[in-house]
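Enquirer: Predicted model, plus sequence, below.
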Amino acid sequence: MPRRWLHRLYEYFALWFGLALLGAISLTWTLLAVPLYYVLPKRWAVPLGRWASTTGFRIYLGALSLIGACRFDLSALDSLRDEGPMIVAPNHPCLLDALMVISRLPNMACIMKVDIVDNVFLGAGARLAGYIRNDAQLSMIRQSVAELKNGSQLLIFPEGTRTTRWPVNICKGTAALIASRARVPIQTVFIETDSAYLGKGWPLFRRPPMPITYRIRLGRRFDPPEKAGVFTEELERYFIDELRDAPHFLPPDAPQATESGTARQT
């Protein structure tokens, strides 16, 4: 009994320590990023912003590992670092997904939700790094294609939001459309975890069982698609096949994808 209570106390400590550390790193960088955004030319600001994001997120994830809150196996991403322009397309189980990918790939542009870009903790750093808002579809696609043609890699979650249907949500056509216009490949990435922590609907201050395991592995690299709609259906089926036997982090009553990619209720 004492051991169980001690472990629960440790989990609360790890939860609050992790949130406080991320907030401190983000706020500190915001105070520096705001003036730099207005002073530095874009050709200097963007590389600096992306280097800072990679470094800050790596420090944060390293701290979570050090205190035993999480176990990360992200080394598979390192082989992509010098591979040139491509779309990196992972599944999306939780809020930490983008942080894990960016922590390993320093020349990464990222399509982000507006509420993140406008967030007081993350917004200034995101703008300095040249991350792309998702509120205007045509502008988002143009900026994404331009980033890829300038040599950046681009992070897109094909599901569009965090996973609520096992093993992936219905995929959107954005990745296929951008890859087709920029003539770059789509590298699939699989994020596997044994916890629903910070998944869709998980309250920020809810304590999860720890340690949490995260593992990233690379999947197939697809050539630039010719038909976005057909390719998106193929991509969704591929994610379903590859993640079917991964650790199941969603509730047992969550909807599941069938062989055809449509949802069925368990």
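Expert: It's in.
Enquirer: separation between Ile212 and Glu159?
Expert: 20 Å (C-beta to C-beta, to the nearest Å). Where you see a C-beta, it was placed from the backbone N, CA and C, and this is true even at glycine.
Enquirer: what residue lies at the spatial centre of this protein?
Expert: Taking C-alpha atoms, centre = their mean, the centroid of the chain lies closest to Ala98, which sits 2.3 Å from it.
Enquirer: how many other residues sit next to Glu192?
Expert: Residues near Glu192, counting by other C-beta atoms under 10 Å, number 19.
Enquirer: Skip ahead from the top strand by length along the chain and say which helix or strand is next.
Expert: Criterion DSSP state E: the longest strand present in the chain is strand 212-222. Past strand 212-222, heading to the C-terminal end, the next element that is a helix or strand (DSSP states H and E) is helix 228-243.
Enquirer: so what does that next one touch, helix or strand wise?
Expert: Packing partners of helix 228-243 (3 or more C-beta pairs under 8 Å, 6 or more residues apart in numbering; DSSP states H and E): helix 174-182, strand 186-193, strand 212-222.
Enquirer: could those go into CSV alongside distance to Leu77?
Expert: CSV is the format used below for the helices and strands packed on helix 228-243 (distance: least, C-beta to C-beta, whole Å):
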stretch, distance to Leu77
helix 174-182, 17
strand 186-193, 7
strand 212-222, 6
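Enquirer: which of those is buried the deepest?
Expert: Comparing those by mean neighbour count (mean count of other C-beta atoms under 10 Å), helix 174-182 ranks first with a mean of 22.
Enquirer: Check which helices and strands it sits against.
Expert: Using 3+ C-beta pairs under 8 Å, 6+ apart: helix 174-182 touches strand 87-90, helix 137-149, strand 186-193, helix 228-243.
Enquirer: what residues does that helix touch?
Expert: Here helix 174-182 makes contact (C-beta atoms under 8 Å, 6 or more residues apart in numbering) with 85, 87, 89, 111, 140-141, 144-145, 148-149, 154, 156, 158, 160, 185-186, 222, 224-226, 228-229, 231-232, 235.
Enquirer: Ok, stretch 6-21 next?
Expert: Stretch 6-21 has contacts (C-beta under 8 Å, 6+ apart) with 60, 63-64, 67-69, 204-205, 207-210.
Enquirer: Looking at these, which is nearest Ala45?
Expert: Ala45 has its nearest neighbour among the contacts of stretch 6-21 in Tyr60, at 22.0 Å by C-beta to C-beta.
Enquirer: Count the neighbours of Asp78 for me.
Expert: The local packing of Asp78 (other C-beta under 10 Å) involves 10 other residues.
Enquirer: Give the closest residue to it in space, chain neighbours not counted.
Expert: Arg104 (5.9 Å; C-beta to C-beta, 6 or more residues apart in numbering).
Enquirer: Specify the local secondary structure of the one you found.
Expert: Classification of Arg104 using DSSP: H, G, I helix; E, B strand; the rest coil returns coil.
Enquirer: State the distance from it to Leu77.
Expert: With C-beta to C-beta as the criterion, Arg104 and Leu77 are 4 Å apart.
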